[in-house]
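**Q** dropping a prediction and its sequence here:
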Amino acid sequence: MFSYCADPATLETFQWLSCYLTTGKHMGFYVSFGTVLLLLAVTAPVALSFGFFGAMAARARFLPARWMGKGYIAIVRGVPDIAFFLFFVIALDQGIEWLLHQARCPEWDEPIRRGTDFVVCDIAKMPLNSSPQWIHEIYGFSLAVLTFAIVFGAFAANVIFGAMNAVPRAQMETAEAYGMTHRQAFWRILVPQMWLYALPGLSNLWMILIKASPLLFLLGVEDMVYWARELGASKQARFTDYPHGDWRMWYFLGLLIFYLAFTKVSEVVLERITKKLSHGQATVGGEAQRKAA
């Protein structure tokens, strides 16, 4: 990064540290912060969509749809996250490759399952071995987003399902008595009000999602925890130009500060959203606002 970094052995403390913190691996460490933030920014709305449609299915009048909604909520919530992450990603990846194999290699006459190995033709692999590195990274990141969204979408569906049931039934009946259809009453009366009841549970899910982001390493994504463990471990002179002792405590302390700061910002934002949704509502927060006004 700097011109004086050519010979690290001759550097003073400050110069040595500036060179050490700007190596290629540290750049990967800094990028991993952006990767985690991007994961949260993409996963949150996708998981919320899964949750909303899962709750709608669980409330559906059509029995098979109701079974599917409640089954999705019960099954995903009942499986440990780490087991689901390990199983689902492998199953999804192999399922995609199997479909591509059937379409692109119909003349293949060898078994795909060979003991513990899963072997498909080269043009059916996802992504292709000849694909650039950024394609591999986007593919792995997409699998991570989908997996996180399915898992946390089930919890969000349970929260939203309860919030929908918390809206007084009398309001729906009144809306229908004024001539609204069931669909109009759902979108105009039930949905706008249920967010206030759902927000405390969704806030907790957001905090849990933040804490679960280190599970990215299970999906093959080089996240902050991976780099902190890699960079903080002891390095000897024959393996690197910047030898040092076991510095993992300092790297993980930096991660601790980052997560605490991020959760604090999240709490402030969520508190403001709660105040906005409470305006005009017959709740404790709404009553407090009316008295203050």
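**A** Here it is on my side, so go on.
**Q** contacts and neighbour counts: CA atoms only from here.
**A** Noted.
**Q** Pro106 belongs to a helix?
**A** No - under DSSP: H, G, I helix; E, B strand; the rest coil, Pro106 sits outside any helix and is assigned coil.
**Q** okay, it: pLDDT?
**A** pLDDT for Pro106: 83.
**Q** try Lys291
**A** In this model, Lys291 carries a pLDDT of 64.
**Q** can you give me the helices in the chain?
**A** Along the chain, counting by DSSP state H, helices occupy 13-20, 24-58, 63-78, 81-104, 133-166, 169-177, 182-185, 191-212, 224-232, 248-278, 284-292.
**Q** can you list the ones you listed in a markdown table and add mean neighbour count?
**A** Supplementary listing: the helices of the chain in a markdown table, determined by neighbours: other Cα atoms under 10 Å:
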| stretch | mean neighbour count |
| --- | --- |
| helix 13-20 | 14 |
| helix 24-58 | 18 |
| helix 63-78 | 17 |
| helix 81-104 | 15 |
| helix 133-166 | 20 |
| helix 169-177 | 14 |
| helix 182-185 | 14 |
| helix 191-212 | 17 |
| helix 224-232 | 19 |
| helix 248-278 | 14 |
| helix 284-292 | 13 |
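**Q** between those helices, which one is nearest to Lys125?
**A** Closest approach to Lys125 among the helices of the chain (Cα to Cα): helix 81-104, 5.6 Å.
**Q** so which other helices or strands are in contact with the closest one?
**A** For helix 81-104, the contact count by 3 or more Cα pairs under 8 Å, 6 or more residues apart in numbering; DSSP states H and E identifies helix 133-166 as packing neighbours.
**Q** can you give me how far the helix it packs on is from the chain middle?
**A** Relative to the centre of its chain, helix 133-166 is centred 6 Å away, using Cα atoms, centre = their mean, to the nearest Å.
**Q** can you start the count at 42 instead of 1 from here on
**A** From this message on, residue numbering opens at 42, which makes the last subject helix 174-207.
**Q** for it, what is the average pLDDT?
**A** On average, helix 174-207 scores 89.
**Q** between that helix and helix 232-253, how big is the angle?
**A** Here the directions of helix 174-207 and helix 232-253 differ by 130 degrees (axes from the mean of the first three to the mean of the last three Cα atoms, to 10 degrees).
**Q** what angle sits between helix 174-207 and helix 65-99?
**A** Using the same axes, to 10 degrees: helix 174-207 against helix 65-99 is 40 degrees.
**Q** tell me the helices and strands packed up against helix 174-207.
**A** helix 65-99, helix 104-119, helix 122-145, helix 232-253.
**Q** dump the helices of the chain to TSV, plus distance to Leu259.
**A** Formatted as TSV, the helices of the chain follow (distance: least, Cα to Cα, whole Å):
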stretch	distance to Leu259
helix 54-61	28
helix 65-99	14
helix 104-119	18
helix 122-145	7
helix 174-207	9
helix 210-218	44
helix 223-226	42
helix 232-253	11
helix 265-273	10
helix 289-319	18
helix 325-333	41
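**Q** which one, of these, ends up nearest to Arg154?
**A** Here helix 122-145 is closest among these (Cα to Cα), at 10.5 Å.
**Q** that closest one vs helix 174-207, what angle?
**A** Using the same axes, to 10 degrees, helix 122-145 lies at 120 degrees relative to helix 174-207.
**Q** other residues contacting helix 122-145?
**A** With Cα atoms under 8 Å, 6 or more residues apart in numbering as the test, helix 122-145 has contacts from 117, 159, 161-162, 164-167, 184, 188, 192, 256, 259-260.
**Q** one more time with 6 Å
**A** Ala165, Lys166 (Cα atoms under 6 Å, 6 or more residues apart in numbering).
**Q** could you dump it to PDB, C-alpha only?
**A** Output of helix 122-145 as PDB, limited to C-alpha atoms (Å, rounded to 0.1, in the frame of the first residue of the first chain):
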ATOM      1  CA  ASP A 122     -30.300 -23.400  12.600                       C
ATOM      2  CA  ILE A 123     -26.900 -24.900  12.200                       C
ATOM      3  CA  ALA A 124     -28.400 -28.300  11.100                       C
ATOM      4  CA  PHE A 125     -30.600 -26.500   8.600                       C
ATOM      5  CA  PHE A 126     -27.700 -24.500   7.200                       C
ATOM      6  CA  LEU A 127     -25.600 -27.600   6.700                       C
ATOM      7  CA  PHE A 128     -28.400 -29.700   5.200                       C
ATOM      8  CA  PHE A 129     -30.300 -27.200   3.100                       C
ATOM      9  CA  VAL A 130     -27.400 -25.600   1.200                       C
ATOM     10  CA  ILE A 131     -26.000 -29.000   0.200                       C
ATOM     11  CA  ALA A 132     -29.400 -30.300  -0.800                       C
ATOM     12  CA  LEU A 133     -30.200 -27.100  -2.800                       C
ATOM     13  CA  ASP A 134     -26.800 -27.100  -4.500                       C
ATOM     14  CA  GLN A 135     -27.000 -30.700  -5.500                       C
ATOM     15  CA  GLY A 136     -30.600 -30.300  -6.600                       C
ATOM     16  CA  ILE A 137     -29.700 -27.500  -9.000                       C
ATOM     17  CA  GLU A 138     -26.700 -29.500 -10.400                       C
ATOM     18  CA  TRP A 139     -28.900 -32.600 -10.800                       C
ATOM     19  CA  LEU A 140     -31.500 -30.600 -12.800                       C
ATOM     20  CA  LEU A 141     -28.800 -29.100 -15.000                       C
ATOM     21  CA  HIS A 142     -27.200 -32.500 -15.400                       C
ATOM     22  CA  GLN A 143     -30.400 -34.000 -16.700                       C
ATOM     23  CA  ALA A 144     -30.900 -31.200 -19.100                       C
ATOM     24  CA  ARG A 145     -27.300 -30.800 -20.400                       C
END
